[in-house]
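Enquirer: Provided below are the primary sequence and the corresponding predicted coordinates.
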Amino acid sequence: MKLNRICLSLGLIAVLAGCAVPSGVSKDKTYKITIMHTNDHHGHFWQNSDGEYGMAARKTVVDAIRSEVAAAGGYSLLLDGGDVNTGVPESDLQDAIPDFKGMNLLGYQAMAVGNHEFDKPLPVLKMQRDLAQFPMLSANIYENGQRMFAPYKVFDLGGLKVGVMGLTTEDTVRMVHPDNVKQLEFRSVIAEAGKVVPELRRQADVVIAATHMGHYENGKHGTQAPGDVEMARAVPGIDLVVGGHTQNPACMKAENVLDRAYVPGTACQPDRQNGAWIVQAHEWGKYVGRADFEYHNGEFKLVKYALIPINLKKSVKAADGKSSKVHYTSAIAENPEMLALLTPYQKFGQDKLGVQIGSVDGQLDGDRDRVRKQPTNLGVMIGRAMIDRTRADFSVVNAGGVRDSIKAGPITYKDVLKVQPFANSVCTVDLSGKEVLDYLNAAAKMSPGSGAFPQFAGVELEITGGVVGNVRIGGAALDAAKTYRLALNNFQAAGGDGYPKLTGHPSFVNTGFVDAEVLRAFITANSPLSAARYEPGGAVLRR
C-alpha cells in the first residue's frame, strides 16, 4: 500500500496530524522483511506424546529462518498473538515460567496480551512481564485511566521503521474471573486502533497489529467481541494483522470464505481486508507462520506465505489394518539448548502429575470443535461430578472451561488438569422454577462455537428458536413454585462468558471446592468408568 493512499484513507485525523514519510528509508531500495508468528501457546512448551510441536523443535525452525533471511540481506521479526498461559498442567503448576523462558530463548520481539494472561491474579502477570525479555503490548487495556501496557513498539530494520501495535479482546472481562480484572477496563479495540494507527503512521513505514481478538469468517463474530476482520475493515492504514484467540489457521478458500479443512503442509492463502493481510497460526505452537514481504518506495508487498508444521502427524493404515502416525512434512530435530532449559521444568511437572487416579473404557469427549457446539459425554460427566459433590439438582457448565478430552484407559491427575486447568471453584444457587427457566433461556442463547456454549447435566430441555421449553429436572416437569439447586463454577456465577450474574443472589454459595479436584474425586469414586453412561442422548434437543 503506498503512503499517499494511506494518507487519503486515514481521513481528517491523518490530514490534521500529517502523514510524513519516516526518515531512514532509502529511495529505490527494496527491503526484505520476514514476519514469523505464533499464537495461543497455552502452556505447550514440551512436545506431546506423539512427538508433535514443542518449543525445542520450534527453535530449530525459527533459527533456520533467521539465518536464511539474514544471509539474503533481509530482516526478521518474531511475534506472538497472545495466550501464553493455561492449558498444560506442567506449565500451569509453574505459572508459565518455562514458557516465558522458552520465548526468551526463541528471541520473540513482541507479543499481544491475551485474555488468558489474566487467568491468575495480577501479581503473577507482573512476574511474567518482568521475566519476559520482550514487550507485552496492548493499546486497549486501561488501569486507573492509564494504559496498563505499552500500546506499541517501533523496530528499526536497517532504516525501515516497523511499528507493532497490540490489541486484546474486549471479551476478556467476561472470560476470566472478575476478581482478576476488576480494576481494569478493556476498551473498544476499534476505537483504540483508530487512535494508535495514525500515531504510528507518523513514526513507521509499516504498521503491524499483533492482536488477540479472533479471526471470524467474513466478520461474523456472533455474540463474541469484534475480531481482526471487523477491526481491519474499520481502521485503515494497517499492513498486517498477526492474530490469535480463535485458534484456527486463517487460511482462505476464497474471499471471505475460510478453509475449514486446511491440511498441514499445504498452501495457505491469508485473509485480506481493507488492504491488511490477516494471519493466524492455529494454536499450541503447531505451526510457525512465515510471511515474506518486500518494501519498495512506500509499497509493502507480500511475496509468499506459509504455515510451517512443527512435527505434526497424521494417522495412516498399513495393509494389515494397523494404524500408525507419520509426519505431514519432514521431521524437525529438537534444539539441544532449548531441551536443556526446559527438561527440569517438564520433569518437575511429570513427577507431580503422573499418578493414576482411575480409568475409563472409552473416550470422554472434550474436543474443542465438538464440546463448544453440541452436548458431549465429558460435559455431562463434569456436570455430574459437580452435582454429586454439592447435592445439586442440575448443573450448567460453560464449554470454554472444558479444555481437552480424556482417552480410554488409565486416567492420571494430569489428564484431569488438562481438562480443567483454571482452578475454578464449584458454586451453588437455589433458584425458583421461574428463575431456573430464565437462567436456562440465557444459557440457550450462547452461540455454538463459543466458549460460552452450555453443557448440561441433570436437566432435560428443548430449545426452539432460542427459547427453552419442556424442561424436566429429576425426571419431573419443571415446577414454577418449587426450588431447585443449580451447580456451576465461580467464573459463570460471577457473570463470566456473559452468563447472568448470580453471586449477589441470596442463596449463592461458593463451596471452595476446586473443579479439577471435584472431577478427580468423582473419577476415583466411580472407576472403572463407563463412557457410555454419560452420553447426553436426547436430553437437550435443539430445533
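Expert: Cool, the structure landed. Everything numeric here is computed off the predicted structure, so don't read it as measured data.
Enquirer: Name the nearest residue to Gly379, sequence neighbours excluded.
Expert: Spatial nearest neighbour of Gly379, excluding adjacent residues (Cβ to Cβ, 6 or more residues apart in numbering): Gln455 at 2.9 Å. (Glycine included, C-beta is placed from N, CA and C.)
Enquirer: To which secondary structure element is that neighbour assigned?
Expert: Per DSSP states H and E, Gln455 falls inside strand 454-457.
Enquirer: Pairing partners for that strand, with directions?
Expert: strand 394-398 (antiparallel) (DSSP bridges).
Enquirer: quick one: the partner strand to chain centroid distance?
Expert: Relative to its chain's centre, strand 394-398 lies at 22 Å (Cα atoms, centre = their mean, to the nearest Å).
Enquirer: Give me the neighbour count for the residue nearest to Gly379.
Expert: Gln455 has 27 neighbours, counted by other Cβ atoms under 10 Å.
Enquirer: how would you label the spatially most central residue of the chain: helix, strand or coil?
Expert: The geometric centre of the chain, computed from its C-alpha atoms, lies nearest to His245 (Cα atoms, centre = their mean), at 3.7 Å. Three-state assignment for His245 (DSSP: H, G, I helix; E, B strand; the rest coil): coil.
Enquirer: show me the contacts for it.
Expert: 39-40, 81-83, 114-115, 169, 211-215, 227 (Cβ atoms under 8 Å, 6 or more residues apart in numbering).
Enquirer: same thing with Asp40?
Expert: 81-83, 114, 244-245, 247, 282-284.
Enquirer: so which of those is the most crowded?
Expert: Of the contacts of Asp40, Gly81 is surrounded by the most neighbours, 33 neighbours in total, counting by other Cβ under 10 Å.
Enquirer: That one contacts Ala210, correct?
Expert: Yes. Using Cβ atoms under 8 Å, Gly81 is in contact with Ala210, at 6.1 Å.
Enquirer: Tell me how many other residues surround Asp497.
Expert: There are 22 residues near Asp497, going by other Cβ under 10 Å.
Enquirer: pLDDT value on it, please?
Expert: Residue-level confidence at Asp497 comes out at 93, pLDDT.
Enquirer: roughly how far apart are it and Gln420?
Expert: Per Cβ to Cβ, to the nearest Å, Asp497 is found 15 Å from Gln420.
Enquirer: just Leu478 next, same as before
Expert: 29 Å.
Enquirer: domains in this structure, as residue ranges please.
Expert: Domain assignment for the chain by automatic domain parsing gives 3-15+31-341, 354-542.
Enquirer: Make a markdown table out of the ones you listed and add distance to Phe348.
Expert: Formatted as a markdown table, the domains of the chain follow (distance: least, Cβ to Cβ, whole Å):
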| stretch | distance to Phe348 |
| --- | --- |
| domain 3-15+31-341 | 7 |
| domain 354-542 | 11 |
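Enquirer: I'd like the distance between Leu240 and Ala319.
Expert: 47 Å.
Enquirer: still on that earlier bit, which of the contacts of Asp40 lies closest to Val514?
Expert: Top of the list for closeness to Val514, among the contacts of Asp40 and by Cβ to Cβ, is Asp83 at 21.8 Å.
Enquirer: Angles on the backbone of the closest one, please.
Expert: phi 70, psi 60 (degrees, to the nearest 10).
Enquirer: returning to that earlier point: where does the residue nearest to Gly379 land on pLDDT?
Expert: Taking Gln455 on its own, its pLDDT is 97.
Enquirer: can I assume it is in contact with Pro375?
Expert: Yes. Applying Cβ under 8 Å as the test, Gln455 and Pro375 come out as touching, 6.2 Å apart.
Enquirer: Of Leu240 and Ala319, which one has the most company?
Expert: Leu240 (27 against 5).
Enquirer: On the C-terminal side of the lowest-mean-pLDDT helix or strand in the chain, identify the next helix or strand.
Expert: Ranked by mean pLDDT, DSSP states H and E, the weakest helix or strand in the chain is helix 3-17, scoring a mean of 38. Using DSSP H and E, the helix or strand that follows helix 3-17 in sequence is strand 30-38.
Enquirer: any idea how far Val371 is from Asn470?
Expert: The gap separating Val371 from Asn470 is 24 Å, by Cβ to Cβ.
Enquirer: quick one, which of those two is more surrounded?
Expert: Val371 (27 against 12).
Enquirer: Next, count neighbours for the closest residue to Pro178 other than its chain neighbours.
Expert: Take Pro178 and drop its neighbours on the chain: the residue closest to it by Cβ to Cβ, 6+ apart is Ala494, 4.5 Å away. Ala494: 21 surrounding residues under other Cβ under 10 Å.
Enquirer: same deal with Tyr262?
Expert: Neighbour count of Tyr262, defined by other Cβ under 10 Å: 18.
Enquirer: Which pLDDT value belongs to the residue nearest to Pro178?
Expert: 93.
Enquirer: ok, it touching His505?
Expert: No. The pair Ala494 / His505 is not scored as a contact, 11.7 Å apart, by Cβ under 8 Å.
Enquirer: Output the below-cut-off pLDDT ranges for the stretch 301-450 of the chain.
Expert: Across the stretch 301-450 of the chain, nothing is flagged by pLDDT under 70.
Enquirer: what separates the nearest residue to Gly354 once chain neighbours are set aside from Val419, distance-wise?
Expert: Closest residue to Gly354 apart from its sequence neighbours, by Cβ to Cβ, 6+ apart: Thr412 at 5.7 Å. Remark: distance between Thr412 and Val419 (Cβ to Cβ) = 11 Å.
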